[in-house]
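J.: Build the 3D model from these lines:
(chains A and B)
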Amino acid sequence: MGAPTEKMETTSIHISTPITPKGRSSTTKRKNQNKQTAPTALQYTPELLQRRQKRRMRRERLSTLPFLLPSLIGVLVFFVLPFLVVIYYSVIDNPITKNFVLFENFTKLFNNAAFRLAVKNTLSFSLMAVPLAVILPLLLALILMGDIPGKSRFRTMFITPLMVPVASVVLIWQVVFHYNGVLNEVTALFGAAPIDWLKSEYGQIVLLVLFLWKNIGYNMILFMSALAAIPKDIIEVAMLEGAGPIRRFFSIKLRYLSSSIFFVALLSLINSFKVFREVYLLTGDYPYDTLYLLQHFMNNTFNSLDYQKLSAAAIIMSLVMIVIIGAMLIIDDKLGGELEE
Amino acid sequence: MNNITTERTSPPEEIHIIHKKKKSIPKMVLRAVLIVLLIVIAVAFLLPIVLTIANSFMSSSEISANYGKVFSGVSGTRTFIAEKVNLKFIPDKVSFSQYITVLFKSPDYLLKFWNSVILVAPIVVFQVVVALGASYCFARFQTKFRSIVFFAYIILMLMPYQVTLVPNYLVSDFLGLLDTRWAVILPGIFSPFAVFILTKFMRRIPSSMIEAAKLDGAGEWQIFTKVCVPVCRGIIWSVVVLIFMDYWNMVEQPLVLFKDRAEELSPLSVFLSKINTGDVGLAFAVATIYMVPALLLFMYSEEYLIDGIASQSGIKG
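T.: Residues are numbered from 1 along each chain as shown, chains lettered A, B, ... in the order given. Sure, this is the predicted structure:
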């Protein structure tokens, strides 16, 4: 590189239209560049300048890479590399003999009664929990976006459960849902027979209540911010053209919300796997059959240190997640594209 | 509830302009119904929290009288147990005896509380620090390599514990970290959650701000520390709250990663479930103490927290 003036020239030329030295035409420039490798100050061609600019940009880009390094190394060491080992473990018979068995671990896993029960319970819970965790917060967000007094108070109250550790309120849930608990006292007033809620077919309903209690606020805020981002003029036009509130919701708002709905659904799905916490804190290691979740299965397998089973389960789980995420992204993309037209 | 609730979705000004004359009785009734509904939901949401706190101020005899039917292991020699479970707001006599026992007489609970603190504090601090750097890199230039890596981070973020705990366990085992706090702390620090939110926020920093700093002769490090981080102060605060809550609540990691020394290392979030077979009266006090840091943090940072949640509007972008 040369004098500092050179650098200044590079930037200015890049931004404006290229100024050719001595007013030469662009064809001669190109020839010139081919012949000469070390041009003098007056012979800068746009291509050369662009190349320098590019090189400079690249250097600048590279200089930000060290910022990523700590995180990247950590992610590689604690997540990515061991996950490769997980993949390896899932296709060998055991860590000592290391015989390649392909799908044997997976077929064994699928034939495992505990795994099947855990999958069934987790699946049925998520299928109930995710739609409700999308619809109810959306309704609340719509109500709160209307003219309601004390909006921010309500908002605060709805997200408070998010901030309360599960472990702290477990005692109250026990008092409510126990065989001798409050809920049965209430249902007894209507002549219902008492049920041990957590040890019954209704166990998952109890979980659903706890799950919604904790997650509605978070999802509601996501929807509120999405609703606030809908362009006002479109809704105004629709109102002037006589579209009622229901029509306005289904033909306009829902389309703008589609992205958020997918995101909330995905978050809720992941959070629905975390409901294990509530189950564990309420019922311990060995819950009633309907509450035996995937995490219980994983914990028990960790205790017996069956690496093959663990690895196969983790891989199936991650594949399922990747398929779901991929499907959501594709559908979301299609809907989003429609919106832009 | 049904779709009529959408009635109120339009901004208030518009209603006043367009519907001023039409503010009919059915509409007012609907509005009243909605408000009542909201109040009912809000009360139901707060009830468990209020009850936990209220019950922590009851003496152990009152607790055993009220809940003897539910918790078999209620302590004490008192034999009186009410026929029915009695969920009460206001204690017969406000008593601090539970707190005194927890804070001064049984160091076990405080030790577990301390376990929670020394697990969560380093995770919160260093996850934010590490994530700030990574987000800066992702947000400053969006090359193909970086978008691919960022997307991989998002996928990782969306993986449930049932997936990530297995690699975490293997690497902790390999490094000999099992049964130490590091087994929980290190994966926590590199969890990509903060990177996701911070990157989304940093991408919205106007490039003119960075260009201006560059013209003033700032290098990348200075742009990062003097421009980027100060601009992100609000969002950092909300990320802190979100990470704190996630880990203050943790159950899965200690259960899997602490084995022989579980008794000694487990945070209060795991330990609390075991108290209900012991002294329930104390458990309410411990539960309240455990809630306090979270609730305080929430009160001081609610606005930031809401902004932080709202900023993650989608996977892409």
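J.: So the chain: which segments form each domain?
T.: Going with chain A. Residue ranges for each domain of chain A read A:4-64, A:104-340, as given by automatic domain parsing.
J.: Chain B was what I was after
T.: Annotated domains of chain B cover B:1-55, B:58-95, B:106-311 [automatic domain parsing].
J.: weakest of those domains by average pLDDT?
T.: Taking the average pLDDT of each of the domains of chain B, the minimum falls on domain B:58-95, with a mean of 67.
J.: Provide a list of residues in contact with residue A:81.
T.: For residue A:81, the contact set (Cβ atoms under 8 Å, 6 or more residues apart in numbering or on different chains) comprises B:167, B:171. Any C-beta I mention is one placed from the backbone N, CA and C, and that applies to glycine too.
J.: quick one, phi psi at it?
T.: Note on residue A:81: its backbone torsions stand at phi -60, psi -50 [degrees, to the nearest 10].
J.: What is the burial count for the residue in the stretch 1-150 of chain A that chain B sits nearest to?
T.: Distances between the stretch 1-150 of chain A and chain B by Cβ to the nearest Cβ are smallest at residue A:146, namely 2.4 Å. One way to gauge burial is a neighbour count; for residue A:146, by other Cβ atoms under 10 Å in any protein chain shown, it gives 19.
J.: likewise residue A:265?
T.: 16.
J.: I'd say it and residue A:132 touch.
T.: No - in this structure, residue A:265 is not within contact of residue A:132 by Cβ atoms under 8 Å, at 11.0 Å.
J.: ok, residue B:51 - how many residues close by?
T.: Per other Cβ under 10 Å, the neighbour tally for residue B:51 reads 19.
J.: which of the residues in stretch A:58-77 are buried?
T.: By neighbour count, with 16 or more other Cβ atoms under 10 Å in any protein chain shown as the criterion, the buried positions of stretch A:58-77 are A:61, A:64-65, A:67-68, A:70-72, A:74-75, A:77.
J.: Stretch B:298-309 now?
T.: B:298, B:301-302, B:304-309.
J.: one step back: reformat the buried residues of stretch A:58-77 as TSV; add distance to residue A:180 and pLDDT.
T.: Output for those, formatted as TSV (distance: Cβ to Cβ, whole Å; pLDDT from 0 to 100):
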residue	distance to residue A:180	pLDDT
A:61	66	80
A:64	62	85
A:65	62	88
A:67	58	92
A:68	56	93
A:70	53	94
A:71	51	95
A:72	54	95
A:74	49	95
A:75	49	95
A:77	50	94
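J.: just those residues that are near chain B?
T.: If you filter these for contact with chain B, counting by Cβ under 8 Å from any Cβ of the partner chain, you are left with A:61, A:64-65, A:67-68, A:70-72, A:74-75, A:77.
J.: Roughly how far does residue B:185 sit from residue B:267?
T.: Distance from residue B:185 to residue B:267, counting by Cβ to Cβ, to the nearest Å: 12 Å.
J.: okay, those two: which has more neighbours?
T.: When neighbours are counted by other Cβ under 10 Å, residue B:185 and residue B:267 differ, and residue B:267 comes out ahead with 29 against 20.
J.: Filter the ones next to chain B among the buried residues of stretch A:58-77 down to just the ones in helices.
T.: Within those, residues falling in helices by DSSP state H are A:61, A:64-65, A:67-68, A:70-72, A:74-75.
J.: and the gap between the spatially closest residue to residue B:234 that is not a sequence neighbour and residue A:52?
T.: For residue B:234, ignoring the flanking residues on the chain, the nearest one in space by Cβ to Cβ, 6 or more residues apart in numbering or on different chains is residue B:304 at 5.2 Å. The gap separating residue B:304 from residue A:52 is 44 Å, by Cβ to Cβ.
J.: Run through the strands of the stretch 1-150 of chain A in chain order.
T.: For the stretch 1-150 of chain A, applying DSSP state E, counting those that start in this stretch gives no strands.
J.: What parts of it come near chain B?
T.: Selection of the stretch 1-150 of chain A residues close to chain B by Cβ under 8 Å from any Cβ yields A:60-61, A:63-65, A:67-72, A:74-75, A:77-79, A:81-83, A:85-86, A:139-140, A:142-149.
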